[in-house]
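Novice: what's the 3D shape of this:
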Amino acid sequence: MRVVLFLAVLFAFGSCSVEEGKGGRATITGKVFVQDFNGEGELIVEDYAPDWDVFIVYGEDDFYSDATTTHYDGTYIFEYLYEGDYEVYAYSKCNACANNIEPITIKAQVTSADQVIELEDLRVID
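Specialist: Take a look at the predicted model:
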């Protein structure tokens, strides 16, 4: 009986380890700031970007884990995250890059359960 009880307790504590991702109480938020240039390279608009796609990678994942779209004021939010490492990115135009786009990334580390991390602006070119 003691062995069964010991194994049950060991299993319960061993299964409490949680990886990065959804299910927690932390939040990562920020804004996307966009610059738009005309064909001659002159800046014509710069402002916070509504309806811009933003992606998040949980831990060591090779592909984005979740995505959202910015609000009217350029704000994005990823909620209900566990403690761990994250990478947030948005795509920017890049004439010298493959497919003419490049990811602009910011890394974040959630270190406490109820943490709210406000990242610096993701600065992109449209």
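
Novice: Next, the buried residues of the biggest strand by length in the chain.
Specialist: In the chain, with assignment by DSSP state E, the single longest strand is strand 22-37. Residues 24, 26-28, 30-35 are the ones in strand 22-37 that count as buried (16 or more other C-beta atoms under 10 Å). In short, each C-beta sits where N, CA and C put it, glycine included.

Novice: now stretch 85-95
Specialist: Applying 16+ other C-beta under 10 Å to stretch 85-95 flags 86-92 as buried.

Novice: how near is the residue nearest to residue 30 when sequence neighbours are not counted to residue 77?
Specialist: Excluding its sequence neighbours, the residue lying closest to residue 30 (C-beta to C-beta, 6 or more residues apart in numbering) is residue 119, at 3.7 Å. Here the criterion is C-beta to C-beta, to the nearest Å. By it, residue 119 lies 11 Å from residue 77.

Novice: And for residue 46?
Specialist: The value you get for residue 46 to residue 77, if C-beta to C-beta is used, is 22 Å.

Novice: Do you know the pLDDT at residue 68?
Specialist: Reading off the confidence values, residue 68 has pLDDT 98.

Novice: residues near it, how many?
Specialist: 16 (other C-beta atoms under 10 Å).

Novice: And the helix or strand it falls within, what does it pack against?
Specialist: Using DSSP states H and E, residue 68 sits within strand 66-69. In terms of contacts (3 or more C-beta pairs under 8 Å, 6 or more residues apart in numbering; DSSP states H and E), strand 66-69 is packed against strand 53-58, strand 75-81.
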